[in-house]
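>>> Sequence plus predicted model, see below.
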Amino acid sequence: MNSSSSSNSTQAFLPFCSPSIDDADIAAVVETLRSGWITTGPRCGELEQAICDRTGAQSAVAVSSATAAMHLVLKAMGIGPGDEVITPSMTWVSTPNMIHLMGATPVFVDVDRDTLLVSAESVEAAVTDRTKAIIPVHYAGVPCDLESLRAVANKHDIPLIEDAAHAIGTRYRSTEIGQSGHAIFSLHPIKNITTGEGGILVSDDASLADEVRRLRFHGLAAEAWDRNQQGRSPQVEVQSPGFKYNLPDMNASLGISQLKRLDDFIDRRKVIANRYLEELADVPGIEPLAFPDWDHRHAWHLFIIRVDEAEAGIDRERFMANLKERGIGTGIHFRATHTHRWYRENGFQAPGGLEHSTWNSERICSIPFFPSMSDSDVDRVIGGIRDVCAAETMTKGSST
Ligand SMILES: *Cc1c(COP(=O)(O)O)cnc(C)c1O
């Protein structure tokens, strides 16, 4: 199995992720470009409907990113100074950033060491009379235990906003994420489907969805498409000042096309994941995430391993650098928020400690994982990881 080291220099760099764009996706965008209407209009509405059809959600509002959707939901819920919002430190920084920028305080909870999911117990322990929202993350495409989280949220009458950036296509028990409650999907190019940039709120609260819809476009009661092309009055008033977070039809048309391929993408991701799980199982110190007990469908957004230096003989930073030398890209999802400079300097620690978040933050590594990877790309990653770890063990062995 040393085929991977023999032809390094001739192989193109293998990124850790890449969007899977086919001719139908391209044709869909070109059709919009030729249609005479390229910003938010009929395609955006069609994408929202398709997401509702797929997830069973009652309302969907598409915006320019999941970060924008989070901002608007927090705003629509009236979250501001003096309020606390519970979220894991192991998340993308966009959520804590938005909580802070609304004038509220992110309260971090630790995650399970091996699933990176928050538990109802840790959330419950962080609830105070200032808590105004709970934002769990369905990490890497695996759902949190929604039943127990919803029980805590309902008991304290606090809204649950599911960060489903990784979880389009995920099922918790037999229900699709987004079918009830509030969830936010990301359509960034690294996510399971993409609109270039984009995000979408799904909600069973029609008035919250309406408020987010107004806030995404200046706080106006109707958008330009309705006024210019659909016979609505050109006169429209600001209901309350809003933002400019609408999703253009160019992007939405890509999303409509991508959504049709979601299940094929997930099937292919699952095949690749099973190979990684099987063929890396005997590499010391390379530990994948574990699966939770509850019934679920994994959307396989990321393939994350933890590099444990004591066993692997190599630390995560050198592991990533050595793979890069072999033309193999990796990523970190995520560096825990409380370890980022601003959060460190401003004292964001958690009531119950963040031991597992810190432990994972120092060890996690996302390896190449996307549907258009070929079987030989997968061979190359497996061979590369084995070589990198074996090379370290040999050097260690000979130098001691
Ligand atoms: C990607 C991501 C986001 C933000 O998505 P954008 O569309 O890039 O704003 C939020 N949370 C998590 C967990 C993510 O991975």
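Happy to help now that I have it.
>>> Of all the residues in the longest helix seen in the chain, which ones are buried?
Longest helix in the chain by number of residues, with DSSP state H as the criterion: helix 375-399. Buried residues in helix 375-399, counting neighbours by 16 or more other C-beta atoms under 10 Å, are found at 377-378, 380-389, 392. Using the backbone N, CA and C atoms, a C-beta is placed for each residue, glycine as well.
>>> Can you tell me what sits against that helix?
Under the contact criterion C-beta atoms under 8 Å, 6 or more residues apart in numbering, helix 375-399 has outside partners 1-5, 11, 14, 272, 275-276, 279-280, 283-286, 312-314, 318-319, 322-323, 326, 328, 367-368.
>>> Would you mind checking those residues for buried ones?
4, 14, 272, 276, 279-280, 283, 285-286, 312-314, 319, 322-323, 326, 328, 367-368.
>>> Just the ones in strands from those, please.
I286 (DSSP state E).
>>> Let me know the next secondary structure element after the lowest-mean-pLDDT helix or strand in the chain.
Least confident helix or strand of the chain, by mean pLDDT, DSSP states H and E, is helix 3-6 with a mean of 44. Note on helix 3-6: by DSSP states H and E, the next helix or strand toward the C-terminus is helix 23-35.
>>> Tell me which other helices or strands that next one touches.
helix 249-259 (3 or more C-beta pairs under 8 Å, 6 or more residues apart in numbering; DSSP states H and E).
>>> coming back round to it: mind checking how far the longest helix of the chain is from the chain centre?
Per C-alpha atoms, centre = their mean, to the nearest Å, the displacement of helix 375-399 from the mean C-alpha position of its chain is 29 Å.
>>> Could you do stretch 26-34 as well?
The answer for stretch 26-34 is 27 Å, by C-alpha atoms, centre = their mean.
>>> tell me the average confidence for that stretch?
For stretch 26-34, mean pLDDT rounds to 98.
>>> Could you list the domains of the chain?
With automatic domain parsing as the criterion, the domains of the chain are listed as 3-17+262-398, 23-259.
>>> which residue ranges form the helices in the stretch 251-400 of the chain?
For the stretch 251-400 of the chain, the helices defined by DSSP state H, counting those that start in this stretch occupy 262-279, 309-312, 316-325, 341-345, 355-361, 375-399.
>>> buried ones in the first one?
Of all the residues in helix 262-279, those buried under the rule 16+ other C-beta under 10 Å are 265-266, 268-269, 272-273, 276, 279.
>>> between that helix and helix 375-399, how many degrees?
Angle, helix 262-279 to helix 375-399, by axes from the mean of the first three to the mean of the last three C-alpha atoms, to 10 degrees: 30 degrees.
>>> what's the angle between helix 262-279 and helix 249-259?
60 degrees.
>>> which other helices and strands contact helix 262-279?
Packing partners of helix 262-279 (3+ C-beta pairs under 8 Å, 6+ apart): helix 375-399.
>>> returning to that earlier point: how much does the longest helix of the chain deviate in direction from helix 316-325?
Going by the same axes, to 10 degrees, helix 375-399 makes 130 degrees with helix 316-325.
>>> quick revisit: could the helices of the stretch 251-400 of the chain go into JSON lines alongside distance to T40 and mean pLDDT?
Below are these laid out as JSON lines (distance: least, C-beta to C-beta, whole Å; pLDDT from 0 to 100):
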{"stretch": "helix 262-279", "distance to T40": "22", "mean pLDDT": "98"}
{"stretch": "helix 309-312", "distance to T40": "48", "mean pLDDT": "94"}
{"stretch": "helix 316-325", "distance to T40": "39", "mean pLDDT": "98"}
{"stretch": "helix 341-345", "distance to T40": "33", "mean pLDDT": "95"}
{"stretch": "helix 355-361", "distance to T40": "37", "mean pLDDT": "97"}
{"stretch": "helix 375-399", "distance to T40": "37", "mean pLDDT": "85"}
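>>> got JSON lines for those, with distance to I134 too?
Formatted as JSON lines, the helices of the stretch 251-400 of the chain follow (distance: least, C-beta to C-beta, whole Å):
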{"stretch": "helix 262-279", "distance to I134": "27"}
{"stretch": "helix 309-312", "distance to I134": "34"}
{"stretch": "helix 316-325", "distance to I134": "30"}
{"stretch": "helix 341-345", "distance to I134": "19"}
{"stretch": "helix 355-361", "distance to I134": "17"}
{"stretch": "helix 375-399", "distance to I134": "36"}
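>>> Give me the three-state assignment for L149.
Assigned by DSSP: H, G, I helix; E, B strand; the rest coil, the conformation of L149 is helix.
>>> Verify the stated contact: it with P159.
No - assessed by C-beta atoms under 8 Å, L149 is found out of contact with P159, at 11.5 Å.
>>> what touches both of the two?
Common contacts of L149 and P159 (C-beta under 8 Å, 6+ apart): I134.
>>> between the two, who's got more neighbours?
Taking other C-beta atoms under 10 Å, L149 and P159 do not tie; L149 has more neighbours (22 against 19).
>>> if I look at that one, how far off is S122?
With distances taken as C-beta to C-beta, to the nearest Å, L149 is found 10 Å from S122.
>>> do C365 as well
From C365 to S122 the distance is 25 Å (C-beta to C-beta).
>>> any idea how far stretch 164-182 is from the chain center?
Taking C-alpha atoms, centre = their mean, the mean C-alpha location of stretch 164-182 is offset from the chain mean by 12 Å.
>>> pLDDT averaged over that stretch, what's the number?
98.
>>> end to end, how far does it reach?
Stretch 164-182 has an end-to-end distance of 10 Å (C-alpha to C-alpha, to the nearest Å).
>>> residues of that stretch that come out buried?
Quick answer for stretch 164-182 (16+ other C-beta under 10 Å): 164-172, 176-182.
>>> List the residues that contact the closest residue to the ligand within the stretch 301-400 of the chain.
For the stretch 301-400 of the chain and the ligand, the shortest gap (C-beta to the nearest ligand atom) falls at H333, measuring 6.8 Å. Counting by C-beta under 8 Å, 6+ apart, H333 touches 92, 140, 302, 304, 364, 366.
>>> again, but for M250
By C-beta under 8 Å, 6+ apart, the contact list for M250 reads 29, 32-33, 38-39, 43, 196.
>>> Most neighbours out of these, which is it?
Counting by other C-beta under 10 Å, top hit in the contacts of M250: R43 with 29 neighbours.
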